[in-house]
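**Q** sequence and computational prediction follow.
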Amino acid sequence: MSRVPRAPEPIDEIVDMPRDRAGLPKVVIVLGLIVAMFAALVIGGRSWYERQLDPPGPPGEAVEVVVPNGARLTDLGSLLGNADVVSNATLFRLWVRDKDIDLQAGTYEFRRSSSFEEVEEVLRGQPAVVAITDLTVPEGLTIDQVVERISDQVGRFETDAVLEALADPANRSRFLPPGQSSMEGMLFPSTYEIGPQQTPAGLIRRMVDELDRQAVAAGIDRGLAGDNLPPLDAYEILIVASLIERETGNPQESPRIARVIYNRLVEGTPLGIDATSRYEAERTGGEVDFESDSPYNTRIGAGLPPTPIAAPSRASLDAALNPATGDELYYVLETEGQHFFTSSYDEFLVKKDECEQKDLGCG
């Protein structure tokens, strides 16, 4: 008789491995892989960054790059990238933007595949060929504004060097009276070509010479000639020209403004030109004060201010030397850029009220 096999006896104890212990090695491995990948990225990224800043191997062949007038440091990325001077134009633009470099226009000689620091060293030096710069000085600027404009437009001309040139007795106008130290109004407004050999002293000398030349051409040596004109010397005529310059932007009116100024000087009446008080405020950094006893307050004191108040144009010089005829003593803005002239005080007051109502700046 065959036996039926017995079923295996049940196992009473089954040991379960804890889930956290079973999974721990996998987590560690995954984390380790992540850390390794991150480290590889960091190391690789740093290595890439350093290769952009300083490409391997020596610099390449020499190449000239022209930095145009008005270029900023951040504009150099494209210029140097296109010339293969730097390997990454965008990165160089970010790298150089906070550098304290007085960038000058001109032609620089770089080497291809240069490091960023090698490029910086070149930029901190003089360009191989300094660019010719056109310096434009508009009429009507004060001497401080002219100095600021020179320094802004000609980067290699520092403000202190320009001021030193202004103080040099060799750069005085022949129309500047003895003992007068102010060079206000003595620099002729024009466009000057600044070449590579130009110095601040040379530029100031050129501007003074041009003022003298233009004044002589306008007839300043002969002085004022005509009826009802005060006896003014050349420097005083330059002061009048500066007043005309600041009083109107319309050259067609300039001879009539000159006539009003001369009529008031002959009568001994205060000129009442507010631009002189505004000039004093600009010069001293104070507020406009029409009640002050300053010699620039022409509302109160009769006569001319002690210096010009701006750089006069040739049109203002011509007007000062060739005033219109007439007996007008007053003028007031009628429309923007156009004055109303009259010899009647009552008529002037009416027009002045109209000017205030139109908010043209009368007051």
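**A** That came through, no problem.
**Q** which SSE is the residue lying closest to A89 once chain neighbours are set aside in?
**A** In space, and not counting its chain neighbours, A89 is closest to G81: 2.9 Å by CB to CB, 6 or more residues apart in numbering. Every C-beta, even on glycine, is put in place using the N, C-alpha and C of the backbone. In the assignment (DSSP states H and E), G81 maps to helix 76-82.
**Q** quick one: mean pLDDT for that helix?
**A** On average, the pLDDT along helix 76-82 is 89.
**Q** tell me which strands and helices that helix is in contact with?
**A** Using 3 or more CB pairs under 8 Å, 6 or more residues apart in numbering; DSSP states H and E as the contact criterion, the elements in contact with helix 76-82 are strand 62-67, helix 89-96.
**Q** quick revisit: what about the residue nearest to A89, how many residues close to it?
**A** Neighbour count of G81, defined by other CB atoms under 10 Å: 17.
**Q** and the residue nearest the centre of this structure?
**A** D152 (4.4 Å; CA atoms, centre = their mean).
**Q** pLDDT score for it?
**A** D152 is assigned 90 on the pLDDT scale.
**Q** secondary structure element holding it?
**A** D152 belongs to helix 143-153, assigned by DSSP H and E.
**Q** please apply the same query to L224.
**A** Per DSSP H and E, there is no helix or strand for L224.
**Q** show me what contacts it?
**A** By CB atoms under 8 Å, 6 or more residues apart in numbering, the residues touching L224 are P230, P231, L232, I237, Y262, L321.
**Q** filter those to the buried ones?
**A** P230, L232, I237, Y262, L321 (16 or more other CB atoms under 10 Å).
**Q** and which of these is nearest M183?
**A** I237 (16.9 Å; CB to CB).
**Q** for the helices and strands packed on helix 76-82, which one sits closest to A105?
**A** That would be strand 62-67 among the helices and strands packed on helix 76-82, by CB to CB, at 5.4 Å.
**Q** give me the pLDDT for A258.
**A** In this model, A258 carries a pLDDT of 96.
**Q** that one: how many residues sit nearby?
**A** Neighbours of A258 (other CB under 10 Å): 26.
**Q** quick check, it in contact with L317.
**A** No - checked against CB atoms under 8 Å, the pair A258 and L317 is beyond contact range at 10.3 Å.
**Q** about what we covered before: need the buried ones among the contacts of L224 in a markdown table (columns: pLDDT, distance to D134 and secondary structure).
**A** Output for the buried ones among the contacts of L224, formatted as a markdown table (pLDDT from 0 to 100; distance: CB to CB, whole Å; DSSP: H, G, I helix; E, B strand; the rest coil):
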| residue | pLDDT | distance to D134 | secondary structure |
| --- | --- | --- | --- |
| P230 | 96 | 39 | coil |
| L232 | 96 | 35 | coil |
| I237 | 98 | 30 | helix |
| Y262 | 97 | 37 | helix |
| L321 | 97 | 29 | helix |
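**Q** just put the residues you listed in TSV and tack on distance to A217.
**A** Formatted as TSV, the buried ones among the contacts of L224 follow (distance: CB to CB, whole Å):
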residue	distance to A217
P230	23
L232	18
I237	14
Y262	21
L321	10
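**Q** contacting residues for the residue nearest to A89?
**A** N88, A89, F92.
**Q** now restrict the residues you listed to buried residues only.
**A** N88, F92.
**Q** which stretches in the stretch 251-363 of the chain count as strands?
**A** Counting by DSSP state E, counting those that start in this stretch, one finds strands in the stretch 251-363 of the chain at the ranges 330-335, 338-342.
**Q** whoops, I mixed them up, the stretch 1-150 of the chain
**A** According to DSSP E, counting those that start in this stretch, the strands that the stretch 1-150 of the chain contains are 62-67, 106-111, 129-130, 133-136.
**Q** select from these the stretch with the lowest mean pLDDT.
**A** Looking at these, the weakest mean confidence is strand 129-130, a mean of 78.
**Q** partner strands of that strand, with direction?
**A** strand 106-111 (antiparallel) (DSSP bridges).
**Q** low-confidence ranges, the stretch 251-363 of the chain, go.
**A** 363 (pLDDT under 70).
**Q** CA atoms only: put stretch 126-139 into CSV for me.
**A** What follows is stretch 126-139, C-alpha atoms only, in CSV (Å, rounded to 0.1, in the frame of the first residue of the first chain):
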residue,chain,number,x,y,z
GLN,A,126,47.2,104.8,-24.9
PRO,A,127,45.8,103.7,-28.3
ALA,A,128,48.4,103.2,-31.0
VAL,A,129,46.6,105.9,-33.0
VAL,A,130,44.4,108.4,-31.1
ALA,A,131,41.1,109.0,-32.9
ILE,A,132,40.3,112.5,-34.2
THR,A,133,37.5,113.8,-32.1
ASP,A,134,35.1,116.6,-33.1
LEU,A,135,34.4,118.8,-30.0
THR,A,136,31.3,120.9,-30.4
VAL,A,137,30.8,123.8,-28.0
PRO,A,138,27.4,125.4,-28.5
GLU,A,139,27.0,129.2,-28.0
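**Q** name the residues of that stretch that are buried.
**A** P127, V130, A131, T133, L135, V137, E139.
**Q** do stretch 302-316 as well
**A** L304, P305, T307, P308, I309, A310, A311, P312, S313, R314, A315, S316.
**Q** what distance do you get for the fourth one to N88?
**A** The one in question is P308. 54 Å (CB to CB, to the nearest Å).
**Q** any idea how many residues pack against the closest residue to R97 other than its chain neighbours?
**A** Nearest residue to R97, sequence neighbours excluded (CB to CB, 6+ apart): T74, at 5.2 Å. Counted with other CB under 10 Å, residues neighbouring T74 total 12.
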